[in-house]
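Q: Sequence first, then the predicted structure, then my questions.
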Amino acid sequence: MSQLKKKLKEIIPLFEPNFVEIKELRRLSGGSSNESWLLVLKTNNEDRFLVFRRTPDGKIKDSTVSNFIGINNEAKIMNLAYKHGVPVPKIYHIIDESYGIGKGFFMEYLEGLTVGNRIVRDHSLKDIKATLARQCGEILSMIHQIPIDNLIDIPTSTADNEINKYEEIYFKHDSPIPVFDLAFKWLRKNIPYQDELTLVHGDFRNGNLIIHPKDGISGVLDWEIFHLGDPYEDLSWICVNSWRYNNINLPVGGFGSREDMYIAYEKSSGKKLDRERAKYWEILGTLKWGVMCLNMIEIYRSGFDKSIDRVSIGRRSSETEIDLIRLLLID
Amino acid sequence: MKSEPSIEELLQAVIEFIENSVIPKLEGHDKFHAHVAKNTLGIVLREIMLLRDYDEKEVARLKNILSKDDNIKELNKLLSEKIRNGEININDDSLKDHLIRTTMAKLSIDQPHYSGYLKGKEDNYPNDSES
């Protein structure tokens, strides 16, 4: 029996008194920094499905781009979001490193699709698709209304912080891309006045949402870069063309219209949205993804990950160039 | 030196081998990586066929905009600097034309099926590619 399985059998009875044995333990795809494992448990009642999410050796190696907040903080913020009615998997148990399998947490397994490309194309989602953009607006408004007064040690990142962070990575890469320089220049010149900070998910996009064929968005995943910032960051990140999976005419994740999302957000939050500000953040989000693609080349060269998908994703930075051109020079 | 078969033919043969004989036999993560490998060789093939012509045109435009002669890397570095320090207006028409053509050329190598590129073709962006 693997060490992981052995340790899990010690831990699970702490929160599942009816535990009998582990029927299945399988690594779920995705997540280059944190691992997610599907667990099927035999219990004295019916079988129970869980997800175990962990940072294998307790620390993130691949932290060059984002300010990861640590997996235990991720569990805490998910708990808080859950209490405020945001659809997220329920957290059952958090573990520290003392078991020797890294730190992490156990959460509810939610049924549905997460692969962005399939969500855009899968026929079984045909009926629910029209409601997804509206749901995105409602969920984001809930996330952005979570009180932040009692949150401590949460990083703050507004537009100028984001620009600085990604410009540094771009300079480090040391291979000039004039379209990126133009975008940085424009973004600096047009930084919006920051009047209010809210909780920001930070990676709210098609691919991090669990879509159920009947209920729509049943869970929001990957809270590992949440921070305090500009709520428009979330509203626009999901519209970055790379997350539309070639369905360019449906800006919200390749499945919905911006106005559907905005109107639902406005209704739920009572706040009028500034469409120009949303566009600013879409441009910043597009540039961020372009720089992230360049950073994949650095991660490959560093030896941290020598896989073919890591290195070849570097060539996707040009997709953001054409999107930036459309947003800045054509539209 | 001219060796036969050509590098394009060799690459094409490897791409077809991965597509027809490798991918159908694989599952899960390996299948995904084999797809990525096939697509990556597609980038290599297109770059071999297209890059020289693109680079010549790009250098000619850069020389014109910058009034300077140098290699493509240095010219791009200079253009980046001039954009950053405001020596070139980012609304300048010849700059705009240059950036669009250069980016469309890149996409025709990196991702000819990308929606942003297809939209550029549909909307008749200035474009040096033949297809």
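A: All right, it came through fine.
Q: Buried residues, stretch A:148-167. List them.
A: Going by neighbour count (16 or more other C-beta atoms under 10 Å in any protein chain shown), the buried part of stretch A:148-167 is A:I154, A:S157, A:T158, A:A159, A:E162, A:I163, A:K165, A:Y166, A:E167. Backbone N, C-alpha and C define where each C-beta goes, glycine included.
Q: nope, stretch A:40-57 is what I meant
A: By 16+ other C-beta under 10 Å, the buried positions in stretch A:40-57 come out as A:L41, A:R48, A:L50, A:V51, A:F52, A:R53, A:R54, A:T55.
Q: what about it, distance to the chain center?
A: The chain centre lies 22 Å from the centre of stretch A:40-57; the measure is C-alpha atoms, centre = their mean, to the nearest Å.
Q: Quick one: neighbours of residue 117, just the number.
A: Because you didn't say which chain, this covers chain A. The number of residues packed near A:N117 is 14, by other C-beta atoms under 10 Å in any protein chain shown.
Q: ah, I was thinking of chain B
A: Neighbours of B:Y117 using other C-beta under 10 Å come to 24.
Q: nearest spatial neighbour of it, skipping sequence neighbours?
A: B:L107 (3.9 Å; C-beta to C-beta, 6 or more residues apart in numbering or on different chains).
Q: now A:M142
A: In space, A:M142 is closest to A:V86, 5.1 Å off (C-beta to C-beta, 6+ apart).
Q: Surely that neighbour is in a helix?
A: No: A:V86 is assigned coil when assessed by DSSP: H, G, I helix; E, B strand; the rest coil, not a helix.
Q: which stretch of helix or strand covers the residue nearest in space to the middle of chain B?
A: Nearest to the mean C-alpha position of chain B, by C-alpha atoms, centre = their mean, lies B:K106 at 2.6 Å. According to DSSP states H and E, B:K106 maps onto helix B:93-110.
Q: Show residues contacting that helix.
A: With C-beta atoms under 8 Å, 6 or more residues apart in numbering or on different chains as the test, helix B:93-110 has contacts from A:178-179, A:182, A:315-316, A:318-319, A:321-322, A:325, A:329, B:43, B:46-47, B:50-51, B:54, B:57-58, B:61-62, B:64-65, B:83, B:88-89, B:114, B:116-117, B:120-121, B:125-129, B:131.
Q: Please apply the same query to stretch B:32-42.
A: When contacts are defined by C-beta under 8 Å, 6+ apart, stretch B:32-42 is touched by residues A:S307, A:I308, A:D309, A:S312, B:L11, B:V14, B:I15, B:I18, B:E19, B:V22, B:I23, B:L26.
Q: check contacts around A:Y232.
A: A:P192, A:L273, A:D274, A:R277, A:A278, A:Y280, A:W281.
Q: Give me the nearest residue to it, chain neighbours excluded.
A: A:W281 (4.3 Å).
Q: burial measure for that neighbour, as a count.
A: A:W281 has 24 nearby residues by other C-beta under 10 Å.
Q: Same question for B:E122.
A: Around B:E122 there are 8 other residues, counting by other C-beta under 10 Å.
Q: Distance check, it against chain A.
A: 10 Å (C-beta to the nearest C-beta, to the nearest Å).
Q: tell me which parts of the stretch 201-331 of chain A are close to chain B?
A: A:241, A:244, A:246-248, A:307-309, A:312, A:315-316, A:318-319, A:321-323, A:325-326, A:329-330 (C-beta under 8 Å from any C-beta of the partner chain).
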